[in-house]
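Student: build me a structure from this.
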Amino acid sequence: MKLSGILFTCAFSTVAAQSLAAKHPIVVGAEQAQTRIVMLDPDVVSPEPAKIVWEWKPAKDANLMAAGLADKFDNVDECKPSDDGKRILVCASSCGFAVVDVATTNAVAAGCVNLPGQFANLHSVCELPDGNLVVVGSQGGGLMVVDIKSKPFSRSSHVTTNDYRGAHGALWDAKRNCLWATGEKPLTRFFYDPKTKTLKRDKSWDVEKPFSGFCGHDLVWGDKEHNRIASTLGNGIAVLDLESADKTDMMEISETLPGNVKGLSYAGGERLAVYLDNTAFKGKPWTTINIHVDGSGSSRVYTLPGSAFYKAHFFLGSLTQRTTNH
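Tutor: So this is what the prediction gives:
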């Protein structure tokens, strides 16, 4: 179905499983050279080439193929774990977004948003408490609420947009019942009305120069309690203590990295980062072959030759599924 530039489908399937044990958290990355989401064995580090232990390719996803959506994921750029690691939220700058079931390596919900001049260039997606999604577009629109529970749906009655220039990231905060977004400001708070499926803009936080001129890129939790949030700005990482957020209008730059930071994640006292380091895939200067992890008194790098990583996160769920959807 195609409605005002939006395509949607929902389907389910199951397969047999296998398990993986590791001493470090698994790493999940959005890899653009082969248009896929991969999970890497966390115990196989550089100089050894990274080992893929799980893979999702939209071109091999039976549910996407049936819905005519398999070709909507060029330049896949998000791979956000959700639902305690049971799902991965995926989107691509070309227009596609999907909720991928980790156990089956098939999408259980998917769509495409490409409204030239209005809403395009998807960069992230997050789940809302009513089970719907917010997709984030850096060109035009900003934040779009997509009703994935109703089928069929129309843009006028089931999808709403909120103008937020340069939008790149969003997180739902169940603890404070609000949505955090990064884009034209390093951090902005929105409140969601599930009855009207609308977001209301509330307060924004900035940073000191020179990082105040950057649009926010990735937006992640800075701790497992969700009391700290972090946004990437160029090669800087800005953080905010949410317990005292309303007492200030500024985030703090916690550290700077050698190149522009595309992806960020925190777990167990470690920080994962995908940043530009002159190893970009040909024709994709915004990518790298390396994923860096630092903290807990050590550091490690995951290097996948021939790859083009844009974003990566720690995957804290249990990997109990087949390796690929080939």
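Student: if I look at the spatially closest residue to I289 that is not a sequence neighbour, how far off is V45?
Tutor: Nearest residue to I289, sequence neighbours excluded (C-beta to C-beta, 6 or more residues apart in numbering): T279, at 4.6 Å. Where you see a C-beta, it was placed from the backbone N, CA and C, and this is true even at glycine. To V45, T279 is 16 Å away according to C-beta to C-beta, to the nearest Å.
Student: more neighbours: which of the two?
Tutor: V45 (19 against 15; other C-beta atoms under 10 Å).
Student: figure out the helix or strand that the nearest residue to that one once chain neighbours are set aside lives in.
Tutor: Once flanking residues are discounted, V45 sits nearest to R300: 4.3 Å by C-beta to C-beta, 6+ apart. Using DSSP states H and E, R300 maps to strand 298-303.
Student: which residues touch C79?
Tutor: 28-30, 37, 88-90, 311-313 (C-beta atoms under 8 Å, 6 or more residues apart in numbering).
Student: one more pass at 7 Å, please.
Tutor: 28-30, 37, 88, 90, 311-313 (C-beta atoms under 7 Å, 6 or more residues apart in numbering).
Student: quick check: the farthest pair among those?
Tutor: Greatest spacing in the contacts of C79, by C-beta to C-beta: V90 and A312 (12.9 Å).
Student: so these two - more neighbours on which side?
Tutor: Legend: neighbour count by other C-beta under 10 Å for V90 and A312, higher for A312 (30 against 25).
Student: and the more buried one, what element?
Tutor: strand 309-315.
Student: what is that strand packed up against?
Tutor: strand 26-31, strand 76-82, strand 261-267, strand 270-275 (3 or more C-beta pairs under 7 Å, 6 or more residues apart in numbering; DSSP states H and E).
Student: and these, which is most packed in?
Tutor: The highest average neighbour count among the helices and strands packed on strand 309-315, using mean count of other C-beta atoms under 10 Å, belongs to strand 26-31 at a mean of 27.
Student: rewinding a little: what separates the strand holding A312 from the chain centre, distance-wise?
Tutor: 8 Å (C-alpha atoms, centre = their mean, to the nearest Å).
Student: and for stretch 61-78?
Tutor: 16 Å.
Student: can you give me the buried ones in it?
Tutor: The neighbour-count check on stretch 61-78 (16 or more other C-beta atoms under 10 Å) flags 61, 63-64, 67, 69-70, 72-73, 75-78 as buried.
Student: and those as JSON lines, adding pLDDT and distance to N114?
Tutor: Formatted as JSON lines, those follow (pLDDT from 0 to 100; distance: C-beta to C-beta, whole Å):
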{"residue": "D61", "pLDDT": "95", "distance to N114": "19"}
{"residue": "N63", "pLDDT": "90", "distance to N114": "20"}
{"residue": "L64", "pLDDT": "90", "distance to N114": "16"}
{"residue": "A67", "pLDDT": "87", "distance to N114": "15"}
{"residue": "L69", "pLDDT": "90", "distance to N114": "12"}
{"residue": "A70", "pLDDT": "93", "distance to N114": "15"}
{"residue": "K72", "pLDDT": "93", "distance to N114": "8"}
{"residue": "F73", "pLDDT": "95", "distance to N114": "12"}
{"residue": "N75", "pLDDT": "97", "distance to N114": "13"}
{"residue": "V76", "pLDDT": "98", "distance to N114": "15"}
{"residue": "D77", "pLDDT": "97", "distance to N114": "14"}
{"residue": "E78", "pLDDT": "98", "distance to N114": "16"}
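Student: low-confidence ranges in the chain?
Tutor: 1-22, 141, 150-160, 320-326 (pLDDT under 70).
Student: which strand residues sit across from the residue nearest the centre of the chain in the sheet?
Tutor: The residue lying closest to the centre of the chain (C-alpha atoms, centre = their mean) is E78, at 3.5 Å. Here E78 sits in beta bridges with C91, as judged by DSSP bridges.
Student: returning to that earlier point: contacts for the strand holding R300 next, please.
Tutor: Contacts for strand 298-303 (C-beta under 7 Å, 6+ apart): 27, 40, 45-46, 49-50, 289-293.
Student: quick one, longest helix in this protein?
Tutor: In the chain, with assignment by DSSP state H, the single longest helix is helix 62-67.
Student: so how far is S204 from the closest residue in space to G169 that isn't next to it in sequence?
Tutor: Once flanking residues are discounted, G169 sits nearest to L219: 3.2 Å by C-beta to C-beta, 6+ apart. Going from L219 to S204 by C-beta to C-beta gives 13 Å.
Student: between the two, who's got more neighbours?
Tutor: Neighbours were counted for L219 and for S204 using other C-beta under 10 Å; L219 has more, 25 against 15.
Student: right, and the more buried one touches K185 too?
Tutor: No: using C-beta atoms under 7 Å, L219 makes no contact with K185, being 11.3 Å away.
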